[in-house]
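Asks: Okay, sequence plus prediction incoming.
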Amino acid sequence: MFPLTANTPKCLIDIGKGKTVLESQLDALHECGIEKVYVVAGYRIEQVQAKISGYSLPGMQVEVLHNPFYNTSNNIISLWLALLSVKGPCISINGDDIFKADLIRTLLAAKGDLVMTIDRKESYDADDMLVITDGDNIRAVGKDLDPAMANGESVGIIKYSELGHKTIMDTLDEMLRDEADHQKFYLAALQKIMDRGFPLTLCEVEENDWAEIDFHPDVNDVRAKVDFFVKRVQ
């Protein structure tokens with residue numbers, strides 16, 4: 001994403017209508033009645049803190065958590081730090097996701113202790129976080145899956161029940177004892193849980209109900225349809 005992120009965290013990229021990625025996420029969560037949000041940040045964290053301090057949504061508390069290992073680890077550390085602060089049911093969201101409030105409502109209504117939001121497309125590419133599903137459950141997840149075998153894509157939004165939260169935390173605690181695991185995507189922990197027989201339920205949403213920013217063209221695509229995601233300007 002350089003040079004857009006040369007001095008700005010990806011979550012603060014302007015997507016149009018006076019909104020950043022982070023603000024669009026907070027707006028959607030607020031619309032769904034979410035009362036507490038933890039934002040894990042590392043790179044240019046002072047900018048994230050400044051944005052949060054000047055952004056008020058009635059009834060919602062937002063706290064920034066510092067990830068001091070952001071430059072030497074993958075997002076498995078960020079999830080671990082976030083879940084350390086949460087007791088009980090919660091949702092984790094990738095920092096580069098943009099989504100409609102209805103997507104979150106659909107996920108909140110879904111049943112299961114661990115629920116992964118997915119969509120389905122006609123074809124998948126090498127950068128998609130691929131999934132293989134079987135009925136209502138996920139069987140495999142990863143960017144290294146064969147696109148010809150994949151039948152879904154992870155959105156990057158996961159719901160955890162109280163049991164699900166304990167299960168993922170126990171697994172993360174176990175994995176992070178091995179320094180090599182610090183470089184893995186957090187979905188590797190969910191794969192380990194699935195491999196041990198704990199079900200990971202799927203929640204299917206529409207492909208057009210969300211977007212993510214991985215490359216420069218993604219920014220232009222989101223800005224072109226910003227009215228679809230951003231409903232108001234604060």
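Replies: Thanks, I have it. Not measured: the values here are computed from a predicted model. Numbering: from 1, shown residues only.

Asks: got the residue ranges for the strands in this protein?
Replies: Ranges of strands in the chain, per DSSP state E, are 14-16, 19-20, 36-41, 61-66, 90-93, 97-99, 114-119, 130-134, 137-142, 152-160, 201-204, 210-212.

Asks: biggest helix in this protein by residues?
Replies: Across the chain, the longest stretch assigned as helix under DSSP state H is helix 162-175.

Asks: Quick one: mean pLDDT for it?
Replies: What helix 162-175 shows for mean pLDDT is 98.

Asks: Please identify the one among the strands of the chain that comes closest to Ile193.
Replies: Across those, Ile193 has its closest neighbour in strand 114-119 (6.9 Å, CB to CB). (Each C-beta comes from the backbone N, C-alpha and C, glycine too.)

Asks: Contacts for the closest one next, please.
Replies: Strand 114-119 is contacted by residues 103, 106-107, 131, 133, 138, 141, 152-161, 164, 167-168, 190, 193, 198-207, 209-210 when judged by CB atoms under 8 Å, 6 or more residues apart in numbering.

Asks: Let's see that with 6 Å instead.
Replies: 107, 131, 138, 152-155, 157-159, 164, 200-205, 207 (CB atoms under 6 Å, 6 or more residues apart in numbering).

Asks: Each with direction, which strands does that strand pair with?
Replies: Partners of strand 114-119 in the sheet, by DSSP bridges, are strand 152-160 (antiparallel), strand 201-204 (parallel).

Asks: Filter the contacts of strand 114-119 down to the buried ones.
Replies: 107, 131, 138, 152-155, 157-159, 164, 200-203, 205 (16 or more other CB atoms under 10 Å).

Asks: Out of those residues, which two are the most distant from each other?
Replies: Greatest spatial distance in these: Glu153 and Gly164, 21.0 Å, computed using CB to CB.

Asks: What's the separation between the residue of the chain positioned farthest from its centre and Leu130?
Replies: Most distant from the centre of the chain: Ala148, at 24.6 Å, with distances by CA atoms, centre = their mean. Look at Ala148 and Leu130: by CB to CB, to the nearest Å, they are 10 Å apart.

Asks: just Ile158 next, same as before
Replies: 16 Å.

Asks: now do Phe198
Replies: As judged by CB to CB, Phe198 and Leu130 stand 20 Å apart.

Asks: Show the pLDDT at the nearest residue to Ile93 once chain neighbours are set aside.
Replies: Leaving aside its chain neighbours, Ile93 sits nearest to Ile157 (5.1 Å; criterion: CB to CB, 6 or more residues apart in numbering). With respect to pLDDT, Ile157 scores 98.

Asks: what about the closest residue to Phe99 other than its chain neighbours, how many neighbours?
Replies: Nearest non-adjacent residue to Phe99, counting by CB to CB, 6+ apart: Trp210, 4.1 Å away. Using other CB atoms under 10 Å as the criterion, Trp210 is surrounded by 19 other residues.

Asks: okay, and for the chain, where does confidence drop off?
Replies: Residue ranges of the chain with pLDDT under 70: 232-234.

Asks: if you count what's nearby, which of Phe198 and Leu130 comes out ahead?
Replies: Remark: of Phe198 and Leu130, Leu130 carries more neighbours, 23 against 16, as counted by other CB under 10 Å.

Asks: Right, I'll leave it there.
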